[in-house]
Each structure stands twice: as C-alpha cells, then as structure tokens.
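>>> Starting from these lines, generate the structure:
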Amino acid sequence: MIKKIQIKLKGYITTLVLLLFIHVSYAQDQKKVTGKVTDEKGEVLVGVSVRVKGSNTGTSTDKDGNYTLQAAPAAILVFSYVGFSNQEAGVNATGVVDVKMAGDKQLDEVVVVGYGTAKKRISQVD
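Down below sits the predicted model:
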C-alpha cells in the first residue's frame, strides 16, 4: 500500500515539475512592450484598444496615449479606435512600438440627422 502511494506521489510531483517548467518557459518568451499612440496631427489618442493578434491579451491607452503589455517578441499588435482605421504593427527588438493612426475615410460618409420635439406629461394620481 505504501509503495502505491509513493508511486502516485512521484507521478504527481513529475507532473507538477513539468507544468512549472512549461509556465516558466512561457513567461520567458514574453517581453514588456510599451508605446504611444497618436493621430495624424501628433495628438495623443486616449482609450485606443491595443491587443496581441490571435490572443486575448490586450490593454488600452492612458490619458497620455501610452500603453504597456506583455507580448512575444514576434507578436503582432492590433490597434483599433472609433473613427480610425485599424492598424497592425510588429513587436521589435527594443519593445517600443509607437503608432500613428490614420483617420477612417468611410466615417466621412455617415451623416446623422435628428430633429423634432416631444412633450412628456406627468399625471398625478390621487
């Protein structure tokens, strides 16, 4: 009975060591990527969605247009923002990826017109 328990424990320990090794090797593949996102005029863009293509990893730019995330050295970053065309950029050796977003030309074709008034009556129930 003791030998069966020892064999099971060795199997569990081996599995744990293997999982730890995989986790550590994955973490080493990731690097810190930072950058700044601006428009064509050089104005910072707040709230731009920045994500790693093909994964769930992502973030958004802060009030100064800066972002930070972890990505693989060969990853592709996808930048998206309302009113601008999506843009992709590869992670480089320095880990700094600055992007200048171009305005979306299709947005110029959208015209929203609203007019009219409405009255709301409140009746009091006694």
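>>> any chance you could map the helices in the chain?
2-29 (DSSP state H).
>>> low pLDDT regions in it?
The chain contains residues with pLDDT under 70 at 1-28, 105-112, 116-126.
>>> what residues does the top strand by length along the chain touch?
Secondary structure of the chain read by DSSP state E shows that its longest strand is strand 31-38. Residues outside strand 31-38 that contact it (CB atoms under 8 Å, 6 or more residues apart in numbering) are 44-45, 48, 50, 61, 64-73, 75, 77, 79, 81, 91, 95-101. All C-beta atoms are positioned from the backbone trio N, CA, C, and that covers glycine.
>>> hmm, try it at 10 Å
Residues from elsewhere that reach strand 31-38, judged by CB atoms under 10 Å, 6 or more residues apart in numbering: 44-50, 52, 59-62, 64-73, 75, 77, 79, 81, 84, 87, 89, 91-101.
>>> Let's see which of those end up in strands.
Per DSSP E, the subset of the contacts of strand 31-38 in strands is 49-50, 52, 59-60, 66-71, 77, 79, 87, 89, 99-100.
>>> What's the PyMOL line that selects buried ones from those residues?
To isolate the buried subset of the ones in strands among the contacts of strand 31-38 in PyMOL, counting by 16 or more other CB atoms under 10 Å, use the following:
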select buried, resi 49+50+52+60+67+69+71+77+79+87+89+99
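>>> Next up, the contacts around the nearest residue to residue 81 once chain neighbours are set aside.
Closest residue to residue 81 apart from its sequence neighbours, by CB to CB, 6 or more residues apart in numbering: residue 48 at 4.5 Å. The contact partners of residue 48, taken as CB under 10 Å, 6+ apart, are 36-39, 59-62, 65, 67, 79-82, 84, 87, 99, 101.
>>> repeat that for 6 Å
By CB atoms under 6 Å, 6 or more residues apart in numbering, residue 48 lies in contact with 37, 61, 79, 81.
>>> Among those residues, which one sits closest to residue 115?
Nearest to residue 115, judged by CB to CB, of those is residue 81 at 29.5 Å.
>>> Residue 75 versus that closest one, what's the distance?
Residue 81 is 19 Å from residue 75, where distance means CB to CB, to the nearest Å.
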